[in-house]
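Novice: Predicted model, plus sequence, below.
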Amino acid sequence: MRTHYCGELNSQHLGQIVTLCGWAHRRRDHGGVIFIDLRDRTGMSQIVIDPDTPQAFALAESVRNEFVLKITCKVRPRPEGTVNPNIPTGEVEMLASEIEILNPSLTPPFMLDDDNLSETVRLEHRYLDLRRPAMQKNLMLRYQVAKTLRNHLDSHGFIEVETPMLTRSTPEGARDYLVPSRVHHGQFFALPQSPQLFKQLLMVSGFDRYFQITKCFRDEDLRADRQPEFTQVDIETSFLGEEEIMSIVEDMIRKMFKDVQNIALPDAFPRMSFAEAMSRYGSDKPDLRVTLEITELTDVMKDVDFKVFAGAANMTGGRVAGLRIPGGAALSRGEIDAYTEFVKIYGAKGLAYIKINDIAQLNETGLQSPIVKNIHVNALKAIIERTGAQNGDLVFFGADKAKVVNEALGALRAKIGHEKGHVDGRAWAPLWVVDFPMFERDEEAERWVALHHPFTSPKDGHEDMLTTDPGACLSKAYDMVLNGWEVGGGSVRIHKQDVQSKVFDALKISAEEAQEKFGFLLDALQYGAPPHGGLAFGLDRLVTLMAGAESIRDVIAFPKTQRAQCLMTRAPNEVDEKQLRELHIRVRQQNVSG
């Protein structure tokens, strides 16, 4: 129906007769001459309709926003002074000879160039929201990213293999989405949280380089960088160690940024241990563009009179730490109160602070804070020396269990860093975080749990710690971090039965339980399983960062809300009794009290 796309016409097409199809983005009547901006996914062309073509002119007068049009026209230069250098078609305009209205449109619920739309309205009318140039640009970027990753992996000998969407429920950290079986009464499939077990089986099967761009499903609390269904770039290899795997995927990400957006990432991404990241930044995904750092103060707070600090310092697993804010003494009381409320989101009970007015006076005059009188001089000196505080600075403090302190100060560091300009100016700051612990302690259950998953291999020489000191055991796990977002993570897997048994023992998973949950994988590992490992990238997160979007919902065609709902299709929804009976399911009414 068309000879060209709207966004591809330029001065090279002058004099040509072309046929365009698209949507009327805007119609303007300028003293008897009508202009229509015709839009398709490539961009816009300015169409001119004058009274010399009466049939076309009469139709043009009836055109409204979002009418679908087919227009035959001649390409001519724009008059002097009307050239628009901001768009690719800005040197030319199209003089219409024929117009056909392929389909009229109701008045849209919003203007497509309105940048202040509520997300609810956008998601309810997603088919219209996706017409907006910004959204089309995001989805085209997503396509280019996926295409580049596929091509790169193909060129390195990787084979794309699809794995099942209906599988068995296995413990992987989040709740499964369950699918009832009509055929097998009382039994359920689970949607995969990741292809982890299947890609390990593919390594056992001899497909030594596998990849897949696939959907994964997790029924977990949602936020800006999470969705109940998300897309993962899944990679697994055999006969490669962690350094070789990291090198392959680092090259892939570097090439993808260069090819898709002409962004040159560093030739070598820096490495940082998990322990260092948590100590200095309070996060295993630190944004290295922020120049603020957390300072350890636990040891010097054990004997101070301020009970909040002393209690945390003497608590098993407690931590006291400071966060120096250069120039922070200028913060108002209202700003400090707002930051106090912010850290409470992360479990902190409050946010102590000291304003440094005169570093020479270690008292309530030089150090402005209600807590100074309860901290002895040696501890005050240590705060100044370790944080490097100067006159005019402020130091915030966290004191609680280490997990609470790290999460609260880590989030506060990132927030203040960006709000107050404590950044180094880099656009992109990639990082590998390595040497993760094998396990973390579940205090309520009084047992160790896998920090990643129970098939992650321990560091060489740490195998004996699995039985003697699980908390000190490090793993061959690695995460790629970009601008404070974890964009990918993986590990070398366990391929020996005796090591796997030690891990299960540390996790208090009995042989019977292990066989019930993972029997098919454990059986496969006994048939000549090769050394193997891999990594998975969050495609949605990568594209969100590259697009500069605020949420991954802006780079997914049909996303869910933070309550895991699709506002456009109104899913999830109730189903009729007949369907439920076929599945042997009865919906119980919730008790409403109070």
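Specialist: That came through, no problem.
Novice: how close does the closest residue to Arg209 other than its chain neighbours sit to Lys199?
Specialist: Of all residues not flanking Arg209 in the chain, Phe158 sits nearest, at 4.3 Å (CB to CB, 6 or more residues apart in numbering). Yep, even glycine has a C-beta here, placed from its N, CA and C like the rest. Counting by CB to CB, to the nearest Å, the gap from Phe158 to Lys199 is 11 Å.
Novice: Pull up the overlap in contacts between the two.
Specialist: Counting by CB atoms under 8 Å, 6 or more residues apart in numbering, the shared contacts of Phe158 and Lys199 are Tyr210.
Novice: quick one: buried residues of the helix of greatest length in the chain?
Specialist: Identified as the longest helix of the chain according to DSSP state H is helix 133-155. The neighbour-count check on helix 133-155 (16 or more other CB atoms under 10 Å) flags 135-136, 138-139, 141-142, 144-146, 148-149, 152-153 as buried.
Novice: Output that helix as CSV - backbone C-alpha positions only.
Specialist: Output of helix 133-155 as CSV, limited to C-alpha atoms (Å, rounded to 0.1, in the frame of the first residue of the first chain):
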residue,chain,number,x,y,z
PRO,A,133,7.5,8.0,19.7
ALA,A,134,9.3,7.5,23.0
MET,A,135,7.7,4.1,23.6
GLN,A,136,8.4,3.0,20.0
LYS,A,137,12.0,4.1,20.4
ASN,A,138,12.3,2.0,23.6
LEU,A,139,10.9,-1.1,22.0
MET,A,140,13.1,-0.7,18.9
LEU,A,141,16.1,-0.3,21.2
ARG,A,142,15.0,-3.5,23.0
TYR,A,143,14.9,-5.3,19.6
GLN,A,144,18.4,-4.1,18.6
VAL,A,145,19.8,-5.2,22.0
ALA,A,146,18.4,-8.7,21.7
LYS,A,147,19.5,-8.9,18.1
THR,A,148,23.0,-7.8,18.9
LEU,A,149,23.3,-10.3,21.8
ARG,A,150,22.0,-13.1,19.7
ASN,A,151,24.5,-12.4,16.9
HIS,A,152,27.4,-12.1,19.3
LEU,A,153,26.6,-15.4,21.0
ASP,A,154,26.1,-17.1,17.7
SER,A,155,29.5,-15.9,16.5
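Novice: Packing partners of the helix or strand following it?
Specialist: Downstream of helix 133-155, the next assigned helix or strand under DSSP states H and E is strand 159-160. Packing contacts for strand 159-160, counted by 3 or more CB pairs under 8 Å, 6 or more residues apart in numbering; DSSP states H and E, involve helix 133-155, strand 209-217.
Novice: how about the residue lying closest to Arg553 once chain neighbours are set aside, what does it touch?
Specialist: Distances taken as CB to CB, 6+ apart put Pro559 closest to Arg553, at 4.0 Å, once the chain neighbours are dropped. By CB under 8 Å, 6+ apart, the residues touching Pro559 are Leu123, Gln227, Ile552, Arg553, Cys566.
Novice: Assess the claim that the second one and Asp540 are in contact.
Specialist: The reference is to Gln227. Yes. At 6.8 Å, Gln227 counts as touching Asp540 under the criterion of CB atoms under 8 Å.
Novice: got any residues that touch both of those two?
Specialist: Common neighbours of Gln227 and Asp540 (CB under 8 Å, 6+ apart) are Ile552, Ile556.
Novice: Could you tell me which ranges of the protein sit under the pLDDT cut-off?
Specialist: Low-confidence segments of the chain (pLDDT under 70): 171-173, 222-225, 591-594.
Novice: neighbouring contacts of stretch 337-352?
Specialist: 306, 308-309, 336, 369, 371, 396-400, 403-405, 407-409, 411-412, 415-416.
Novice: Identify each buried residue in stretch 400-415, please.
Specialist: 400-414.
Novice: between these, which is closest to Ile263?
Specialist: Ala414 (21.8 Å; CB to CB).
Novice: so when I look at the closest one, I'm seeing a helix, right?
Specialist: Yes. Under DSSP: H, G, I helix; E, B strand; the rest coil, Ala414 sits within a helix.
Novice: from what I can see it touches Trp485, true?
Specialist: No. Taking contacts as CB under 8 Å, Ala414 lies outside contact range of Trp485: 10.8 Å.
Novice: so who does Asp234 touch?
Specialist: Ser194, Pro195, Lys199, Tyr210, Phe211, Gln212, Ile213, Thr214, Gly534, Ala536.
Novice: any chance of the residues you listed in TSV, plus neighbour count?
Specialist: Listed next are the contacts of Asp234 as TSV, based on neighbours: other CB atoms under 10 Å:
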residue	neighbour count
Ser194	19
Pro195	26
Lys199	24
Tyr210	25
Phe211	24
Gln212	22
Ile213	16
Thr214	22
Gly534	25
Ala536	22
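Novice: Just put those residues in TSV and tack on distance to Arg27.
Specialist: Formatted as TSV, the contacts of Asp234 follow (distance: CB to CB, whole Å):
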residue	distance to Arg27
Ser194	49
Pro195	50
Lys199	53
Tyr210	53
Phe211	48
Gln212	46
Ile213	41
Thr214	44
Gly534	54
Ala536	48
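Novice: Buried residues, the longest strand seen in the chain. List them.
Specialist: Using DSSP state E, we find that the single longest strand of the chain is strand 17-30. Residues of strand 17-30 classed as buried: Val18, Leu20, Cys21, Gly22, Trp23, Ala24, His25, Arg27 (neighbour count, 16+ other CB under 10 Å).
Novice: residue contacts, the last one?
Specialist: Looking back up the chat, that one is Arg27. Ile34, Phe35, Ile36, Asp37, Ala60, Val63, Arg64, Asn65.
Novice: and what of the fifth one?
Specialist: Listed by CB under 8 Å, 6+ apart, the contact partners of Trp23 are Leu38, Arg39, Asp40, Glu66, Phe67, Val68, Leu69, Ser105, Arg131.
Novice: in the stretch 151-300 of the chain, which spans are strands?
Specialist: Taking DSSP state E, counting those that start in this stretch to define them, one finds strands in the stretch 151-300 of the chain at 159-160, 178-180, 188-190, 209-217, 229-238, 271-273, 294-296.
Novice: ok, residues contacting the following helix or strand past the last one?
Specialist: Note on strand 294-296: by DSSP H and E, the next helix or strand toward the C-terminus is helix 307-313. With contacts defined as CB under 8 Å, 6+ apart, helix 307-313 is touched by 298-299, 301-304, 318-320, 350, 352, 371, 375, 397, 399-401, 405.
Novice: Many thanks, we can stop here.
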